[in-house]
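Peer 1: based on what follows, work out the 3D shape:
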Amino acid sequence: MRRAVYPGSYDPVTNGHLDIIGRTALVADELVVAVMINKNKKTLFSVEERVEMLRDVTSHLPNVRVDTWHGLLVDYCKANDIKVIVKGLRAVSDFDYELQMAQMNHQLTSVETLFMPTNPLYSFLSSSLVKEVATYHGDVAHLLPETIHARLTERLAERA
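Peer 2: Reported below is the predicted structural model:
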């Protein structure tokens, strides 16, 4: 596989995301982790902060780079000569939605989507769930890289 993209909001990046990134980096010549910009989505961290955090926690992977995009993912793929989108699947419910997206993306530009099942340790994990539990002072330290956990804790304290 030459170049692939792993899109997401990464608000914040979790160990589940890093599992998919690390495993994809083993089979792709280059993996672009694309922080997708959705103005309608309320995020805890700015796009710039999410990019910075991702660059920090993927810096040990020489074939991974982090970028941003506002618009259709297939347009990003076309503009960057990317033929493969990688999507992590946690549960059957993820598959239902992601299959429709994959079929639409293929119809639009012939880009392929590869589904990677998540490590069972992270099958329940989402950024939204982590933020919710952390908001109520639940322990999520084991679900995030240490630096990300520190930033999440700090941000939630600022907003309290």
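Peer 1: tell me what the worst-scoring helix or strand of the chain on mean pLDDT is packed against?
Peer 2: Least confident element among the helices and strands of the chain, by mean pLDDT, DSSP states H and E: helix 92-109 (a mean of 89). Using 3 or more C-beta pairs under 8 Å, 6 or more residues apart in numbering; DSSP states H and E, the elements in contact with helix 92-109 are helix 73-79, strand 84-89, strand 112-117. For every residue, glycine as well, the C-beta is placed using N, CA and C.
Peer 1: could I get the full set of helices for this structure?
Peer 2: Applying DSSP state H to the chain gives helices spanning 15-25, 47-57, 73-79, 92-109, 127-135, 146-159.
Peer 1: Lys131 is nearest to which of the helices and strands packed on helix 92-109?
Peer 2: Across those, Lys131 has its closest neighbour in strand 84-89 (18.1 Å, C-beta to C-beta).
Peer 1: quick one, the closest one and strand 112-117 angle?
Peer 2: Going by axes from the mean of the first three to the mean of the last three C-alpha atoms, to 10 degrees, strand 84-89 is angled at 30 degrees with respect to strand 112-117.
Peer 1: and strand 84-89, what's buried?
Peer 2: Neighbour-count burial for strand 84-89, with 16 or more other C-beta atoms under 10 Å as criterion, is recorded at Val84, Ile85, Val86, Lys87, Gly88, Leu89.
Peer 1: now flag whichever of these is closest to Thr58.
Peer 2: Val86 (13.9 Å).
Peer 1: quick one: pLDDT of the closest one?
Peer 2: Val86 is assigned a predicted lDDT (pLDDT) of 97.
Peer 1: beta-bridge partners for it, please?
Peer 2: Counting by DSSP bridges, Val86 is bridged to Leu114.
Peer 1: how much space between it and Met116?
Peer 2: From Val86 across to Met116, the span is 6 Å (C-beta to C-beta, to the nearest Å).
Peer 1: what touches both of the two?
Peer 2: Shared contacts of Val86 and Met116, defined by C-beta atoms under 8 Å, 6 or more residues apart in numbering, comprise Ile20, Thr24.
Peer 1: what count of nearby residues applies to the nearest residue to Val130 once chain neighbours are set aside?
Peer 2: Among residues not flanking Val130 along the chain, Val140 sits closest, at 5.0 Å (C-beta to C-beta, 6 or more residues apart in numbering). Neighbours of Val140 under the rule other C-beta atoms under 10 Å: 21.
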